[in-house]
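Student: here is my input; please provide its structure:
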Amino acid sequence: MTTIDDSSTRKAPPAPGAIEANGINVIDESERKGTPAGLFWPWCASNISVLAVSYGAFVLGFGIGLWQGIVAAVVGAIASFFLVGLVSIAGKRGSAPTLALSRAAFGRWGNTLPCLISYVLLVGWETVLVALSTLATATVFDRLGWSSGNGTKVIAFVVVAAVIVLAGIMGFDLIMRLQKYLTIALIVVTAVYVVLTWDHIHLSTARGIASGDTKSVIGAAILVMTGFGLGWVNTAADYSRYLPREASSASVVWWPTFGGSLPVVVLVVYGVLLAGSSTSLSSAVGGDPIGALTTILPTWFLLPFAIVAVLGLVSGAVMDIYSSGLTLLTLGLRIPRWTAAAFDGVLMVLGAIYIVFYAKSNFITIFEAFLIILGVPMAAWCGVFLADLLLRRLPYHESSLFTGRGVYGSFRLSAVLFLVLGTWVGWGLVIDTTGAGKHLGWLGYFLDGFHVHLGGFDHTWIDLGGTGGAWAYANLGVPVALAIGFVGYLVFGFTGVRRQERRIRNGEVDDLAPAA
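Tutor: Here you go, the predicted structure:
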């Protein structure tokens with residue numbers, strides 16, 4: 001018979017007070033609730049941050065024109081959150097967190113690799129958002145003529161970090177309620193921001209920006225993908241796992257796609273218009289993405305803007321810390337979920353302290369280097385996960401998600417292989433466009449093409465111009481890694497999935513050794 005660890009039990013151990021008890025266990029049928037429309041709130045709130053306005057400058061930084069920037073923003077946002085919607089189906093079908101369900105594709109212990117990648121990505125996002133909140137608060141205080149030194153940064157930092165960690169500890173119900181109210185508040189204040197800054201948009205200036213080539217447009221769209229939806233794919237099922245299993249799959253895809261992409265499209269496009277109208281504003285965004293946006297506001301609106309801007313960042317960080325805690329449990333740490341969230345909070349605080357008080361490099365350069373290096377393996381994992389989800393016809397075998405002796409086995413070579421292969425090829429097609437990341441000069445090793453020299457035969461295939469060519473800035477490695485993970489697992493993982501489901505259908509799970 002298979003052995004099952006404690007985390008597979010349907011009823012989670014009780015938690016103190018109103019703290020969520022469920023960790024990575026399968027949600028009991030009696031606790032499943034809500035409708036797919038409820039997914040609109042968390043995905044909208046966590047992406048309606050004015051940080052998205054700053055992306056307008058980053059998009060135009062690829063050397064593209066106004067309309068090209070708008071197209072890149074729309075395509076990148078919608079495509080990336082469509083992936084979030086697809087991954088959300090797994091949560092509804094399996095009633096467990098994203099990385100716990102990933103064990104079906106990778107095996108109980110093979111799943112450790114994507115878990116580690118996901119964990120670093122999530123904690124990194126938490127850290128970045130806390131740092132942004134602190135910097136924005138200090139900038140606003142400086143403009144108001146109040147204290148803006150390290151004392152102010154420390155107070156802002158402590159308050160923001162405390163709210164994030166507390167929400168992560170309390171868990172799902174509080175987060176979902178909080179996100180609904182934050183969405184409404186953020187929409188109202190962001191609309192006021194647009195009205196107050198509209199006179200800074202000069203369409204004639206923005207339209208005068210020279211157009212770039214197709215490679216640059218692709219690069220800008222991929223930057224939006226990695227900066228928004230693709231950074232959330234490893235958390236999507238965490239927020240759909242409480243839905244009843246009879247909920248419409250189409251609706252489960254639609255609401256995260258709509259909720260996440262709507263604010264991103266609106267705000268990034270508005271950011272493109274602002275940045276295209278002022279080169280000084282576009283340059284200032286690189287040092288302090290949110291603080292720079294306050295420089296075009298009237299003084300009376302600075303305080304409400306700062307409060308809501310910080311809350312928008314907090315909204316995203318809350319979702320990150322909740323999911324990072326679940327990921328930590330999936331790695332095998334046997335502690336309560338709320339303790340895992342508190343531990344992640346400590347890491348978040350230490351990382352943010354470094355960025356705010358000690359990092360000397362330009363903030364956005366650190367941020368972009370971070371996205372480049374982790375966006376590629378996350379894209380490869382997403383491809384594998386979606387292919388596995390597409391191949392499965394039966395519900396997940398719940399107990400096998402929590403043991404290496406179940407139907408999913410300990411290690412599935414096809415999934416791990418294409419995660420590694422997709423990452424290897426993907427890293428060969430991206431470079432550190434910021435120049436800030438230390439020791440990242442090895443990236444882009446496939447941009448010179450594949451050179452074969454045998455005797456009198458000498459030929460180069462797929463020469464993309466090297467690390468100094470136009471394609472180097474297109475971040476092609478991200479979609480290529482996604483495609484390799486998806487197509488590779490779809491072809492070579494097909495037989496394994498069918499073997500697993502045959503054993504489940506025949507009731508042979510406990511009588512046979514796990515398939516290789």
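Student: and the longest helix for this protein?
Tutor: helix 112-143 (DSSP state H).
Student: buried ones in that one?
Tutor: 112-115, 117-143 (16 or more other CB atoms under 10 Å). Backbone N, C-alpha and C define where each C-beta goes, glycine included.
Student: helices or strands up against that helix?
Tutor: If you count contacts as 3 or more CB pairs under 8 Å, 6 or more residues apart in numbering; DSSP states H and E, helix 112-143 packs onto helix 98-101, helix 150-170, helix 302-330, helix 337-353, helix 363-391, helix 413-427.
Student: on contacts alone, who are the packing partners of the fifth one?
Tutor: It refers to helix 363-391. By 3+ CB pairs under 8 Å, 6+ apart, helix 363-391 packs against helix 66-94, helix 103-106, helix 112-143, helix 214-227, helix 413-427, helix 477-492, helix 494-505.
Student: run the angle between the third one and helix 337-353 for me.
Tutor: Calculated by axes from the mean of the first three to the mean of the last three CA atoms, to 10 degrees, helix 112-143 forms an angle of 50 degrees with helix 337-353.
Student: and residue 198, how many residues sit next to it?
Tutor: Applying other CB atoms under 10 Å, we find 11 other residues in the vicinity of residue 198.
Student: tell me the secondary structure of it, please.
Tutor: Taking DSSP: H, G, I helix; E, B strand; the rest coil as the rule, one finds residue 198 in the helix state.
Student: so residue 460 sits in a helix?
Tutor: No - per three-state DSSP, residue 460 lies outside any helix segment and is strand.
Student: residue 449 is in contact with that one, correct?
Tutor: Yes - assessed by CB atoms under 8 Å, residue 460 is found in contact with residue 449 at 4.4 Å.
Student: between those two, which is the more surrounded one?
Tutor: residue 449 (14 against 11).
Student: how about that one: what's its closest non-neighbour residue?
Tutor: Of all residues not flanking residue 449 in the chain, residue 463 sits nearest, at 3.5 Å (CB to CB, 6 or more residues apart in numbering).
Student: which element is the one you found on?
Tutor: In the assignment (DSSP states H and E), residue 463 maps to no helix and no strand.
Student: neighbours around it, how many?
Tutor: 13.
Student: check the one 10 residues further on too.
Tutor: By the other CB under 10 Å criterion, the neighbourhood of residue 473 contains 23 residues.
Student: other residues contacting stretch 162-172?
Tutor: Contacts with stretch 162-172, where a contact means CB atoms under 8 Å, 6 or more residues apart in numbering, come from 18-20, 22, 126, 130, 174-175, 178, 239, 242, 314, 317-318, 321-322, 325, 337-338, 341-342, 344-345, 348.
Student: low-scoring pLDDT stretches of the stretch 101-250 of the chain, where are they?
Tutor: 147-149 (pLDDT under 70).
Student: correct me, but residue 87 touches residue 239?
Tutor: No - the pair residue 87 / residue 239 is not scored as a contact, 10.3 Å apart, by CB under 8 Å.
Student: distance of residue 501 relative to residue 395?
Tutor: 10 Å (CB to CB, to the nearest Å).
Student: ok, residue 489 to residue 346 distance?
Tutor: 36 Å.
Student: neighbour count winner among these two?
Tutor: The neighbour count for residue 489 versus residue 346, taken as other CB under 10 Å, is higher for residue 489 (30 against 11).
Student: list the buried residues of the helix or strand hosting residue 190.
Tutor: When elements are assigned from DSSP H and E, residue 190 belongs to helix 172-197. Neighbour counts over helix 172-197 (16+ other CB under 10 Å) mark 172, 174-176, 178-180, 182-183, 185-187, 189-190, 193, 197 as buried.
Student: any idea which of the residues you listed is closest to residue 404?
Tutor: Of all the buried residues of helix 172-197, residue 172 has the smallest distance to residue 404: 27.9 Å, by CB to CB.
Student: contacts for stretch 498-514?
Tutor: So stretch 498-514 is contacted by 1-2, 104, 391-394, 397, 400, 404-410, 515 (CB under 8 Å, 6+ apart).
Student: how far off centre is it?
Tutor: Distance, stretch centre to chain centre, for stretch 498-514: 34 Å (CA atoms, centre = their mean, to the nearest Å).
Student: buried residues, that stretch. List them.
Tutor: 500-501, 503-504, 509, 514.
Student: any chance of the residues you listed in CSV, plus pLDDT?
Tutor: Output for the buried residues of stretch 498-514, formatted as CSV (pLDDT from 0 to 100):
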residue, pLDDT
500, 94
501, 94
503, 91
504, 91
509, 71
514, 37
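Student: what's the most distant pair in the residues you listed?
Tutor: Farthest-apart pair in the buried residues of stretch 498-514 is 501 and 514; separation 14.0 Å (CB to CB).
Student: tell me who's in contact with the nearest residue to residue 390 once chain neighbours are set aside.
Tutor: With sequence-adjacent residues excluded and distances taken as CB to CB, 6+ apart, residue 390 is closest to residue 490, at 7.1 Å. Residue 490 makes contacts with 387, 390-391, as judged by CB under 8 Å, 6+ apart.
Student: mind checking which of these are buried?
Tutor: Burial by neighbour count, 16+ other CB under 10 Å: within the contacts of residue 490 this picks out 387, 391.
Student: quick one: which of the contacts of residue 490 is nearest residue 39?
Tutor: Closest to residue 39, out of all of the contacts of residue 490 and judged by CB to CB, is residue 390, at 20.5 Å.
Student: what's the spacing between the closest one and residue 492?
Tutor: 14 Å.
Student: residue 486 now?
Tutor: Following CB to CB, the distance that separates residue 486 from residue 492 is 12 Å.
Student: between the two, which one's more packed in?
Tutor: Neighbour totals were compared for residue 486 and residue 492, and residue 486 leads with 22 against 15 (other CB under 10 Å).
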